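K.L.:
requesting a structural model of the entry that follows:
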Amino acid sequence: MSDQRPLGLRPQPPATNRVTSIREFHARMSMEPGGLKGVNQAEVGRQIEARNAAQNRTGGDDDANDAGDAVMHDATEEANEPDTSIDIIKSREEIIRLSIDATRSARTLLDATSLLLSKENPVSATTTLSPETHQRAGLGTLGLTKLAAPTVIAQERKPRNKMTIIGRRLRDMRHVARKALSASRRLRREIRAETKYWSQVQTVTDAGFRTAHLPEHQTIGVRFGFNSDKPSFADKDIAPLRRAEKGSAELVLGTYGGGSQRVQVTILEHGSVVGKSTLQQPMPEESPLRDVKEASETIFNQELWHEMNKEARLMLGRKVRLEKSAITYPISSTETISISLVSPGGADTPESEPPRPKDDLADGLNIALALQLTSAHRFREEDEGENEMHNAMGMAKAGDDDDLEYLILEPIVSYFEHEQILEQCIRQFSALLRPLSAAGLDCFVKISEKSLKQTLPPAKNCAVATTVVLLRHPEVHFDLQIAPHCRLRIMFTSSATDGTHFAVACESTSPSQPNPLIKRCPPYPKGYDEVSKLFEYLYTAVPRALAGYSEFVVQELILSVLQSGENARGWTWAFDNKGLSPYNHSDFGVYFEFSRDPATGGRVVEVRGDFNDENGQRISRTWTWPAAPGQDDDDQTASFEDVVRHVLASCPHVAEDLDEGD
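P.N.:
Modelled structure (predicted):
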């Protein structure tokens, strides 16, 4: 055999660069007419002669080549190349030689393999074993045998290796035991942490807060807001209760967590603090329930502050003012309410402060504001129930929930306006009765208020009842007596929706003595909606009431004259119903005014009499109560009734019956 590998079928690359491999040569020859089998010396000679003849006809044109040429090279190289027929013959011989070598190598390998298998399976090996090898070597002469036996050193190392294996196994078992103990301790810690976490979650649930799984299924979320929150606050009242490292549940507020905040009411008098509502301090213990309650209180007060700011912008015409960080409203000429949102425990909210005289009022207002928002939540929840019913019936109620206005400040302002009007009425009634009392008249005013149970409808809860009390104030009755037989009942009502209303009714003390104001100065049937209009009527009615009272005095004089057997005088009312004069003697009589004193600014009762003096001369004289400066001492001590009797008795004698006409 040659020096090549026994099984190598690929020949050595030829020295020329015309053919790179047998495969390439075989492919080229297969493309020729007749293929490789058609290659012989005669055919190759004819092709060579044909090519030479073609070259001679073209004058040696290098670019013209025969279409059947098997070798593709330039004309210049082919001219210098030797005869190709010799190379083809050598290549064929080389292929045949390599094929023979490969066949021999494969046959030798097959005989060796078959002889090796003949010891174990002679029947199968006989089918592939060549007859020469079977005759020369025989079956079963070649096999695999273990030649290397254990040595003494290997036998000595065997116990040591066994102990080494046992040691390694023990080491692995100790490692596994340590891992198991570590996992057990970690599991116990996890059990304690999970138990603590879920117990705190259960505490939050038992306190009334709703809990549920968040999109992160391993995290529990808690809703610390209210079902009836507006959409702008509904997105802020849910936060996750995440488990801390030691198992405690921590409320994660995220971007909304800004600390505790409370609405505080302050009462200012001449700019000084005279009352401040108490701030609820945070719970001392560290627990998730404390955090949830703090978050609930904070979002409630934030919503309350937000709604009050929205409402205050619509109440600027009712003296409500928005300042930098507070809402103010004057409840009197000296006192002002200031409402602000503060943080408990901050620099501006010390933990302990001395008590102030108006702290109770501030606490009451703070509670009333919170009840107002709670009541608004309840009303909104009822509206949502009605909307669901409307949707089910196909009667959806249009409107955005955020556009719904809560009445928080309106009832408070309405309540103080009611109190201010009531105080104003009391002051003006006192100013009205002061000169009448100075004149010695039997005058008074009685104030009565209906019970809340009589005026208010039954309420379902405290929040609704408080709202109704603030929105619908109890009716107040003023029983005013200007003079005997002249009595008025004034019914004062006010509400946040209907405003202020005064209804005036004339009452008679007895059927035989009717109230003269019914005929001479009746009140407006529809009532009055302002205090100024009410007292404008009262100031107008006072002189008519005095004239009516004087009419009863005239009747007494007429009765006494008739009893003495003399002729009685006839009297008639003045054209403006402010006085009385003798019949057919209008230049005599008594006249009344209830005017304002320019010096003091108060009201005075003025009586002017035109009568005859002791000498029969007509004189005109005026009496005022309270007494004017420079008035005689006798005039200051004289009563209204004495003056009227004196003037009426001094008027001309007219024997006519009393005329009750105009």
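
K.L.:
so how far is residue 317 from residue 493?
P.N.:
From residue 493 across to residue 317, the span is 22 Å (C-beta to C-beta, to the nearest Å). Just so you know, the C-beta spots here come from the backbone N, C-alpha and C atoms, and that holds for glycine as well.

K.L.:
out of those two, which sits in the busier spot?
P.N.:
More neighbours surround residue 493 than the other of residue 493 and residue 317, with 19 against 6 (other C-beta atoms under 10 Å).

K.L.:
tell me the domain boundaries of this structure?
P.N.:
Taking automatic domain parsing as the reference, the chain has its domains at 22-136, 220-403, 422-458+473-662.

K.L.:
want to throw those domains into TSV with distance to residue 169 and mean pLDDT?
P.N.:
Formatted as TSV, those follow (distance: least, C-beta to C-beta, whole Å; pLDDT from 0 to 100):
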stretch	distance to residue 169	mean pLDDT
domain 22-136	39	73
domain 220-403	38	80
domain 422-458+473-662	85	83
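
K.L.:
now render those domains as a markdown table, adding distance to residue 179.
P.N.:
Output for the domains of the chain, formatted as a markdown table (distance: least, C-beta to C-beta, whole Å):
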| stretch | distance to residue 179 |
| --- | --- |
| domain 22-136 | 50 |
| domain 220-403 | 22 |
| domain 422-458+473-662 | 71 |
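
K.L.:
quick one: which of those is nearest residue 416?
P.N.:
Judged by C-beta to C-beta, the one of the domains of the chain that comes nearest to residue 416 is domain 220-403, at 4.8 Å.

K.L.:
surely residue 111 touches residue 126?
P.N.:
No: if you go by C-beta atoms under 8 Å, residue 111 and residue 126 don't touch, sitting 11.9 Å apart.

K.L.:
to residue 158, which of the domains of the chain lies closest?
P.N.:
Taking the domains of the chain one by one with C-beta to C-beta, domain 22-136 is closest: 31.3 Å.

K.L.:
what about that closest one, start to end distance?
P.N.:
In domain 22-136, first residue to last residue: 38 Å (C-alpha to C-alpha, to the nearest Å).

K.L.:
mind jotting down where the strands sit in the stretch 101-250 of the chain?
P.N.:
210-213, 220-223, 238-243, 249-251 (DSSP state E, counting those that start in this stretch).

K.L.:
could those go into JSON lines alongside mean neighbour count and distance to residue 476?
P.N.:
Compiled in JSON lines, the strands of the stretch 101-250 of the chain are given as follows (neighbours: other C-beta atoms under 10 Å; distance: least, C-beta to C-beta, whole Å):
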{"stretch": "strand 210-213", "mean neighbour count": "12", "distance to residue 476": "46"}
{"stretch": "strand 220-223", "mean neighbour count": "20", "distance to residue 476": "45"}
{"stretch": "strand 238-243", "mean neighbour count": "19", "distance to residue 476": "48"}
{"stretch": "strand 249-251", "mean neighbour count": "21", "distance to residue 476": "50"}
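
K.L.:
how far off centre is the lengthiest helix in the chain?
P.N.:
As assigned by DSSP state H, the longest helix anywhere in the chain is helix 152-206. Centroid separation for helix 152-206 versus its chain: 51 Å, with C-alpha atoms, centre = their mean, to the nearest Å.

K.L.:
and what of stretch 637-647?
P.N.:
With C-alpha atoms, centre = their mean, you get 73 Å for stretch 637-647.

K.L.:
with just CA atoms, put it into PDB.
P.N.:
C-alpha atoms of stretch 637-647 as PDB (Å, rounded to 0.1, in the frame of the first residue of the first chain):
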ATOM      1  CA  THR A 637     -93.100 113.700  86.200                       C
ATOM      2  CA  ALA A 638     -96.400 113.700  84.300                       C
ATOM      3  CA  SER A 639     -97.500 110.500  82.700                       C
ATOM      4  CA  PHE A 640     -98.900 110.000  79.200                       C
ATOM      5  CA  GLU A 641    -102.400 109.300  80.400                       C
ATOM      6  CA  ASP A 642    -102.400 112.400  82.600                       C
ATOM      7  CA  VAL A 643    -101.300 114.600  79.800                       C
ATOM      8  CA  VAL A 644    -104.000 113.200  77.400                       C
ATOM      9  CA  ARG A 645    -106.700 113.600  80.000                       C
ATOM     10  CA  HIS A 646    -105.700 117.200  80.700                       C
ATOM     11  CA  VAL A 647    -105.700 118.100  77.000                       C
END
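
K.L.:
quick one: contacts of it?
P.N.:
Stretch 637-647 has contacts (C-beta atoms under 8 Å, 6 or more residues apart in numbering) with 439-441, 546, 550, 553, 557, 589-590, 605, 607, 609-611, 623, 625.

K.L.:
kindly report the same for stretch 519-536.
P.N.:
421, 424-425, 428, 432, 488, 490, 499-506, 517, 537, 540-541, 544-545, 547-548, 573, 577.

K.L.:
what's the distance between the spatially closest residue to residue 597 that is not a sequence neighbour and residue 436?
P.N.:
Leaving out its chain neighbours, the residue that sits closest to residue 597 by C-beta to C-beta, 6 or more residues apart in numbering is residue 604, at 4.9 Å. Distance from residue 604 to residue 436, counting by C-beta to C-beta: 10 Å.

K.L.:
who has more neighbours, those two?
P.N.:
Using other C-beta under 10 Å, the more surrounded residue of residue 604 and residue 436 is residue 436, with 23 against 20.
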